[in-house]
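Student: The amino acid sequence is not available; the structure is as follows:
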């Protein structure tokens, strides 16, 4: 059970800290300069952890197993990061921006899962999407 729960707990905790950091990037700092520091630290930490967790580690050999995904992932992560930074700079709140993107993402991924990975679209998923859409209405509606 722990092996099932800890990755999601890590994602949630990391996302909380991530949102705090993205919202706290100084307004006068160019987001791409901030990301250059962010990814430099991420690269160093990743290499340290890689060598710490792997006996006889050979990162160059690992690179031989690369496919297109890590390269595209690098590009889209920049989009995610800078998108949130610019969203906060334009006035989105932490609570709303994350909920809106998460709800829209959940809706899109139901169809991505169905189209690319042959995942089943079930009634409970569709009801969940409907609830998300109703929630988006209430989050964004000004009474």
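Tutor: Here it is on my side, so go on. Values in this document were obtained by computation on a predicted structure and should not be read as measured data. Residues are numbered from 1 along each chain as shown.

Student: Any idea how many residues pack against residue 29?
Tutor: Residue 29: 12 surrounding residues under other C-beta atoms under 10 Å. In this view, the C-beta of every residue, glycine as well, is placed from N, C-alpha and C.

Student: three-state assignment of it?
Tutor: coil (DSSP: H, G, I helix; E, B strand; the rest coil).

Student: List phi and psi for it.
Tutor: phi -90, psi 130 (degrees, to the nearest 10).

Student: What's the separation between it and residue 84?
Tutor: 14 Å (C-beta to C-beta, to the nearest Å).

Student: Which residues does the worst-scoring helix or strand of the chain on mean pLDDT contact?
Tutor: Least confident helix or strand of the chain, by mean pLDDT, DSSP states H and E, is helix 123-140 with a mean of 86. By C-beta atoms under 8 Å, 6 or more residues apart in numbering, the surrounding residues in contact with helix 123-140 are 96, 99, 100, 103, 104, 106, 107, 110.

Student: now stretch 2-18
Tutor: 84, 98.

Student: next one: stretch 92-99
Tutor: By C-beta under 8 Å, 6+ apart, stretch 92-99 touches 15, 19, 20, 23, 84, 87, 88, 100, 135, 136, 139, 140.
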